[in-house]
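Undergrad: Need coordinates for the following:
(one chain, ligands or ions: 1)
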Amino acid sequence: MKPKFYVTTPIYYVNDVPHIGHAYTTLACDVLARWKRLDGYEVMFLTGTDEHGQKVEKAAETAGVAPQDFTDRVSIAFREMAAIMGVSNDDFIRTTEARHKAACAELWKRLEAAGDIYLGGYEGWYAVRDEAFYDEDELRTLPDGSKLAPSGAPVEWVVEPSYFFRLGAWQERLLAFYEANPDFIAPEARRNEVLSFVRGGLRDLSISRTSFTWGVPVPGDPKHIMYVWLDALTNYVTATGWPGEGPRRDFWPADLHMVGKDILRFHTVYWPAFLMSAGLPTPKRIFAHGWWTIEGEKMSKSLGNVIAPADLVNAYGLDATRYFLLREVPFGNDGNFSRKALISRMNVELANDLGNLAQRSLSLIARNCAGLLPATGPHTEDDTTLLAAAHALPAQLRARMDTQGFGDALEDVWKVIRAGNGYIDRQAPWALKKTDLPRMEHVLRVLADVQRVVATVLQPFMPTSMARMLDQLGVPADARDLAALATPLAAGTALPAPQGVFPRYVEEVG
Ligand code: ME8
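TA: Numbers count the residues shown, from 1 in each chain. Okay, here's the model as predicted:
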């Protein structure tokens, strides 16, 4: 039986259309899902939309549409975003689905049965934009007396009856849990943030609202609507078929919840507490990545600088966009999106480094070896060094991917690509043609083997162009996973006529 791997994106609020921030998180998950499939895992990759709560209800009202119609419409935009980004999700969950409401009700009943829910009254600050409660001391007061959450969202004073979850009683158990699971929160700086937040003490959490109706009713008390975060977090277990039985139940606990740094607290504090209270296993890891700004500015509707994923894909191509987003910024850090940087990486790293390596060696094979994959001859030290570096990539990348080091993984691959270009310059197979034909063939074969490894491990990042590169190397469609790299390609395989995989990007002038 194959080992299992379950990865999730946040489920996105349908109050807004998708932008590259959402595409980024989903893309990172897609690369991991594809990598794990390549490495022999059975993968479940989940994304979807978060459709309840006050924020979505208000957005529907502003649009003058009933909430269900509104969410139906916007949810489709997120499905389309996944398709535009070439994302290979196995399921798409919507919190308005019956399967999800059933899971929410069951989770609630379990928290109640555990003695962790009581009825009280909430009096305090709430930010609809974040769908989050804040303590007075977390807020910033503006000169006009109004208050803002740390995220910049306006807060309002809320007084209403509410059910509470006894989060305060979970403080010590959470701290013990983080201690016992040092890899649960990544990167390290985020882990420290959470530890100090929890050490500072936890208040009981309001988990129901009565001032609106768009959500999942509390079992036995339908005047109350479940707090949208309790509802939303539950999606990750809903999709495994819980509380029913089903073929996907074995995927829980999730291996990884990928999130942005804005929603760290919900995933690392509330979620494990809910799960432990309900007697369910906790996810293995939460990775919180950084925030994108656009040409140095915060992305916002009012600044008019929101970038739709389709704009980038149409302008630069899907694989270049995918490559850039994961290459430009060390994963976990904040980053700045700039078109100039994207174009530069396209031209230098894709067209020059990788494209030229492929084009130079494949066109020599076409011209000088009758288009047939050459056989290997005796190895020199230069050959062995390059081949060893290439064959070390799968293990190196496995470690990088398990710690979500996408940028480092790509740098590892580019070291080999640059070494390949150095090798071709030194070996000069075009000159060997006149002096030592068997050696020329061997050098070209070494280059083909190196490119095969490179294209194989890069498939998760750039599926379309790497498939084309593997086609050109004559790699059979069923020999493109990591395990297949152990079997050498047959010498004498006829290769198709080489074609450039990465054109240079020439900026239109005027
Ligand atoms: O928070 N840079 O949904 P959401 C990088 N429904 N990532 C960004 C980004 C940016 N500028 N902007 C958004 C919610 N993101 C809840 C989640 S999960 C049970 C419920 C990404 O639509 C990032 O992953 O506000 C962030 O965490 C997520 O979008 C927030 O999406």
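Undergrad: Mind jotting down where the helices sit in the stretch 351-500 of the chain?
TA: Along the stretch 351-500 of the chain, the segments classed as helices by DSSP state H, counting those that start in this stretch run 356-368, 381-391, 393-402, 406-427, 429-435, 437-458, 463-472.
Undergrad: Just give the number of residues close to the residue of the stretch 151-300 of the chain found nearest the ligand.
TA: In the stretch 151-300 of the chain, the residue that lies nearest the ligand is Gly260 (2.5 Å; CB to the nearest ligand atom). All C-beta atoms are positioned from the backbone trio N, CA, C, and that covers glycine. By other CB atoms under 10 Å, 17 other residues sit near Gly260.
Undergrad: right, and it touches Thr25 too?
TA: Yes. Using CB atoms under 8 Å, Gly260 makes contact with Thr25 at a distance of 6.1 Å.
Undergrad: joint contacts of those two?
TA: Pro10, His289 (CB atoms under 8 Å, 6 or more residues apart in numbering).
Undergrad: Near the ligand, which residues of the stretch 151-300 of the chain? Just list them.
TA: Listed as neighbours of the ligand in the stretch 151-300 of the chain under the rule CB under 6 Å from any ligand atom: Ala232, Leu233, Asn235, Val259, Gly260, Asp262, Ile263, Trp291, Trp292, Met299.
Undergrad: Out of the residues you listed, which is nearest to Asp334?
TA: Among these, Trp291 lies closest to Asp334 (CB to CB), at 4.8 Å.
Undergrad: Who are the contact partners of the closest residue to the closest one other than its chain neighbours?
TA: Nearest non-adjacent residue to Trp291, counting by CB to CB, 6 or more residues apart in numbering: Asp334, 4.8 Å away. Going by CB under 8 Å, 6+ apart, Asp334 touches Gly290, Trp291, Trp292, Thr293.
Undergrad: Same question for Tyr134.
TA: Neighbouring residues of Tyr134 by CB under 8 Å, 6+ apart: Gly124, Trp125, Tyr126, Ala127, Ala149, Pro150, Val155.
Undergrad: That one and Met226, how far apart?
TA: 20 Å (CB to CB, to the nearest Å).
Undergrad: Likewise for Pro247?
TA: Distance from Pro247 to Met226, by CB to CB: 28 Å.
Undergrad: Can you give the contact residues for the least confident helix or strand in the chain by mean pLDDT?
TA: The helix or strand of the chain with the lowest confidence, counting by mean pLDDT, DSSP states H and E, is strand 297-298 at a mean of 86. Under the contact criterion CB under 8 Å, 6+ apart, strand 297-298 has outside partners Leu303, Asn305.
Undergrad: what packs against the helix or strand that it is followed by?
TA: The element immediately downstream of strand 297-298 (helix or strand, assigned by DSSP states H and E) is helix 309-316. Applying 3 or more CB pairs under 8 Å, 6 or more residues apart in numbering; DSSP states H and E, one finds that helix 309-316 contacts helix 20-38, helix 67-84, helix 318-327, helix 339-345.
Undergrad: Not counting its own residues, what contacts helix 309-316?
TA: Contact partners of helix 309-316, identified using CB under 8 Å, 6+ apart, comprise 18-20, 22-23, 81, 84-85, 321, 324, 342-343, 346, 505.
Undergrad: about what we covered before: how far away is the residue nearest to Trp291 from Glu328?
TA: 11 Å.
Undergrad: ranges for the helices of the stretch 151-300 of the chain?
TA: Assigned by DSSP H, counting those that start in this stretch, the helices in the stretch 151-300 of the chain fall at 171-180, 188-199, 228-233, 235-238, 264-265, 271-278.
Undergrad: now the ones you listed in JSON lines, with mean neighbour count and mean pLDDT?
TA: Formatted as JSON lines, these follow (neighbours: other CB atoms under 10 Å; pLDDT from 0 to 100):
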{"stretch": "helix 171-180", "mean neighbour count": "14", "mean pLDDT": "98"}
{"stretch": "helix 188-199", "mean neighbour count": "15", "mean pLDDT": "98"}
{"stretch": "helix 228-233", "mean neighbour count": "25", "mean pLDDT": "98"}
{"stretch": "helix 235-238", "mean neighbour count": "25", "mean pLDDT": "98"}
{"stretch": "helix 264-265", "mean neighbour count": "18", "mean pLDDT": "96"}
{"stretch": "helix 271-278", "mean neighbour count": "22", "mean pLDDT": "98"}
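Undergrad: Rebuild those as a markdown table, extending it with distance to Leu364.
TA: A markdown table is the format used below for the helices of the stretch 151-300 of the chain (distance: least, CB to CB, whole Å):
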| stretch | distance to Leu364 |
| --- | --- |
| helix 171-180 | 56 |
| helix 188-199 | 47 |
| helix 228-233 | 55 |
| helix 235-238 | 51 |
| helix 264-265 | 51 |
| helix 271-278 | 55 |
